[in-house]
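**Q** Structure of the sequence below:
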Amino acid sequence: MERLTILISNSDSRPIYEQITSQIKNLIISGELKSGDALPSMRFLAKELRISVITTKRAYEELERGGFIETVAGKGSFVAGMNTDFIREEHLRIAEEHLQQAVDAAKSAGISKTELIGTLEMLYDDDQ
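**A** This next block holds a predicted model:
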């Protein structure tokens, strides 16, 4: 089991368990954590992050409820086998969140939809 790099920020408005949950989800979605990979025990992660075991338990429960991990009694928690449609849907949801932020910023700056779409097309095509 590799050591997870999870950063807890006091300036983040989200609760600690949500910070843990989102970072582990991102590691799974990005492919850094693969199906079957073991996660650190709740106690170990709590000790590493200097937080309560109850907080890590809540994060793991959220991840399990979302289908990201599976917990096997006496063995630990593991990255669940994810189907590609689910992963694609999660990526799409993240992209939509970022696009919404871009739309909000453009509207507040008086940038037209045509200009914003042009910028998106330029950025998207540069990446190809």
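**Q** Not counting stretch 55-74 itself, show me its contacts.
**A** Here stretch 55-74 makes contact (Cβ atoms under 8 Å, 6 or more residues apart in numbering) with 16-18, 20-21, 24-25, 28, 39, 42-43, 45-46, 49, 77-80, 82, 86. For the C-beta atoms, the positions are set from N, CA and C on the backbone; glycine is no exception.
**Q** Give the buried residues for the biggest helix by length in the chain.
**A** Taking DSSP state H as the criterion, the chain has its longest helix at helix 84-109. By neighbour count with 16 or more other Cβ atoms under 10 Å, helix 84-109 contains the buried residues Glu90, Ala106.
**Q** What is the next helix or strand after it packed up against?
**A** Proceeding N to C from helix 84-109, the next assigned helix or strand is helix 113-126, under DSSP states H and E. Helix 113-126 sits against helix 84-109, with contacts defined as 3 or more Cβ pairs under 8 Å, 6 or more residues apart in numbering; DSSP states H and E.
**Q** The helix it packs on vs helix 113-126, what angle?
**A** Interaxial angle, helix 84-109 versus helix 113-126 (axes from the mean of the first three to the mean of the last three Cα atoms, to 10 degrees): 140 degrees.
**Q** What average pLDDT does helix 84-109 get?
**A** The average pLDDT within helix 84-109 is 88.
**Q** Can you get me the centre-to-centre distance for that helix and its chain?
**A** How far helix 84-109 lies from its chain's middle: 14 Å, per Cα atoms, centre = their mean, to the nearest Å.
**Q** all numbers from here: first residue = 9
**A** Shifting the count to begin at 9 puts that one at helix 92-117.
**Q** helices or strands next to the helix or strand bottoming out on mean pLDDT in the chain in the packing?
**A** Every helix and strand of the chain was ranked by mean pLDDT, DSSP states H and E. The lowest is helix 92-117, at a mean of 88. Counting contacts by 3+ Cβ pairs under 8 Å, 6+ apart, helix 92-117 is packed against helix 24-37, helix 121-134.
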